[in-house]
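Asker: Sequence and computational prediction follow.
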Amino acid sequence: MKKKWKDLGLVSLGSFISAVGFNTMFLENRIASGGVGGLAISLNALFGWEPGTFVLLANIPLMALCFFLLGKEIFLKTVYGSWIFPIFISLTSSLPTFTNTPLLAALFGGIILGFGLGLVFLGNSSTGGTGIVVQILNKYTPLPLGLLIILVDGIIVGIGFIAFDADTVLYSIIALLSITYVVNMMMTGADSSRNLMVISQQHELIKEYITKVADRGVTELPILGGYTGKEKRMLMTAVSRPEYQSLENEILKIDETAFIVVMPASQVRGRGFSLHKNHLIEDDILIPM
């Protein structure tokens, strides 16, 4: 229940932030950065349609498709975000435009919307719209998800050529790239960690530091030196990003010649990360951290 309330809070806050960015950066600068929101901006310029109302009405048939083609579980996760986002667009429509410089609006509006959408995604939901179309096409066609996102949002941005000049559409593309970058950073950065592989003559001391001081798990692997042909030991451990630099410094204090390979780990599951540490359990496949 606590997680559900947390997800609800993330979706609500993210939808509000996205709506603020939409109204204060994109609408008056006519930046149609993809999605139903981008289409709403183009139609607002062409026919004067109120963006919040259009997004809300457009989501109704899309949510019906979501229910019948993607299933009840995805529908329930999407319905709240697709409802609250257009409501926040309408509620924040009176906010002033922060800047009338299209390039600044595209960049900073993209950051604001990307941050808001990232929160929504972290709340295990979405704001509906073309995201539903992408999910349906991904399920029923062999096309990869990334390509489908580009195609669907590209069509929305392309419609901007009917309503706006080429410069405005190019600013919309910049905004779309900004949104995508920020969302990707948030989604991978939320659980982003570092995987370290260490080869050292002092592997016993390093292993002791990792397990007893850093309080992290470590796996010891037998390896064979390709040049010397001698048998050695390699240590492998996963740590959070804030812990990484401190651990590396301590390893080099123990052995300044230690060979360290650091790789990004976008997600780590297990004790110390997705599960609580429990030093009393001895039956896990890996020693608890």
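Answerer: Done, it's in. Numbers count the residues shown, from 1 in each chain.
Asker: Over to P96. Which of the three states is it?
Answerer: In the three-state summary, P96 is assigned as coil, counting by DSSP: H, G, I helix; E, B strand; the rest coil.
Asker: Looks like it contacts T24 (just checking).
Answerer: Yes: under the criterion of Cβ atoms under 8 Å, P96 makes contact with T24 at 6.9 Å. Any C-beta I mention is one placed from the backbone N, CA and C, and that applies to glycine too.
Asker: the more surrounded of the two?
Answerer: Remark: of P96 and T24, T24 carries more neighbours, 20 against 7, as counted by other Cβ atoms under 10 Å.
Asker: Give the buried residues for the longest strand that the chain contains.
Answerer: Among the segments of the chain that qualify as a strand by DSSP state E, the longest is strand 231-240. Counting neighbours by 16 or more other Cβ atoms under 10 Å, one finds that the buried residues in strand 231-240 are R233, M234, L235, T237, A238, V239, S240.
Asker: hey, which helix is longest across the protein?
Answerer: If each helix of the chain is counted by residues according to DSSP state H, the longest one is helix 166-189.
Asker: mind listing the helices for the chain?
Answerer: Taking DSSP H as the criterion, the chain carries its helices at 2-21, 35-47, 51-70, 72-91, 102-122, 130-140, 145-163, 166-189, 203-208, 241-254.
Asker: mind giving me CSV with those helices and columns for distance to N195 and mean neighbour count?
Answerer: CSV is the format used below for these (distance: least, Cβ to Cβ, whole Å; neighbours: other Cβ atoms under 10 Å):
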stretch, distance to N195, mean neighbour count
helix 2-21, 27, 18
helix 35-47, 35, 22
helix 51-70, 34, 18
helix 72-91, 30, 19
helix 102-122, 22, 22
helix 130-140, 29, 19
helix 145-163, 24, 17
helix 166-189, 14, 18
helix 203-208, 15, 17
helix 241-254, 10, 14
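Asker: As TSV, the ones you listed with distance to Y227 would be great.
Answerer: Written out in TSV, the entries for the helices of the chain read as follows (distance: least, Cβ to Cβ, whole Å):
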stretch	distance to Y227
helix 2-21	51
helix 35-47	54
helix 51-70	54
helix 72-91	53
helix 102-122	46
helix 130-140	47
helix 145-163	40
helix 166-189	36
helix 203-208	18
helix 241-254	22
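Asker: As JSON lines, those with mean pLDDT would be great.
Answerer: Putting the helices of the chain into JSON lines (pLDDT from 0 to 100) gives the following:
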{"stretch": "helix 2-21", "mean pLDDT": "88"}
{"stretch": "helix 35-47", "mean pLDDT": "88"}
{"stretch": "helix 51-70", "mean pLDDT": "89"}
{"stretch": "helix 72-91", "mean pLDDT": "87"}
{"stretch": "helix 102-122", "mean pLDDT": "91"}
{"stretch": "helix 130-140", "mean pLDDT": "82"}
{"stretch": "helix 145-163", "mean pLDDT": "80"}
{"stretch": "helix 166-189", "mean pLDDT": "84"}
{"stretch": "helix 203-208", "mean pLDDT": "94"}
{"stretch": "helix 241-254", "mean pLDDT": "87"}
